[in-house]
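[1] For reference, the sequence and a predicted model appear below.
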Amino acid sequence: MTTLDTPTSTSLRAARCLTLPQPPPTTQIENNDRSRVAAAMSPAQAVQVAARAISRNALHPVCSPATGVAFHPRALLAVLTYCYASEVFSSDDIEDLMLRDANFRAFCGNQVPDARTLRRFRRYNREAIETCLSAVLRALAEQSGTHPTDAEVFEQAHRKLANAVLMDMPEI
């Protein structure tokens, strides 16, 4: 089960656990899952619910299952979705955050995916990340009292993912 639970803090450093969930049989986030995401109290909880709603078949592993929990597709999906929703786009910055997070390191046996692995996961799982990120952004918007259209939410998720790609491009 994938969880990225935090008490009330929204920082990655405050993460309490990261585990792998049993995915539902659907690849899209259904309306009843949307309401569960919207009911989540924190961004981390919204990510947890949204990541669980993505089908295992929609995720493409980029590492061997023996590499550890931190490298499992659902864990990588949750971490990248949380970071992108929190406006952390660079894979190097995400790797650095995970290295500094004692709770994350302890849970994952001090194994942290490097920036190259994060980029590879993003490349092979772009659609799943956009779907998960859209669900989280919708939940956060609805909690703040706004009700954006599906197109507006998808556009925002698409822009955030594009920003992540741009941040990882080598300088010329």
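    Structure received.
[2] Please, where are all the helices along the chain?
    Along the chain, counting by DSSP state H, helices occupy 31-39, 43-52, 73-85, 91-100, 102-107, 115-124, 126-143, 150-167.
[3] looking at the ones you listed, which has the lowest confidence?
    Mean pLDDT values for those show the minimum at helix 31-39, a mean of 56.
[4] circling back: let me know which of the helices of the chain is the nearest to C63.
    helix 115-124 (6.5 Å; C-beta to C-beta). The C-beta positions use only the backbone N, C-alpha and C, and glycine is treated the same way.
[5] Counting by contacts, list what that closest one packs against.
    Judged by 3 or more C-beta pairs under 8 Å, 6 or more residues apart in numbering; DSSP states H and E, the packing partners of helix 115-124 are helix 73-85, helix 91-100, helix 150-167.
[6] list the buried ones in that helix?
    Judged by neighbour count using 16 or more other C-beta atoms under 10 Å, the buried positions of helix 115-124 are 117-122.
[7] again, but for stretch 135-147
    Residues of stretch 135-147 classed as buried: 135-143 (neighbour count, 16+ other C-beta under 10 Å).
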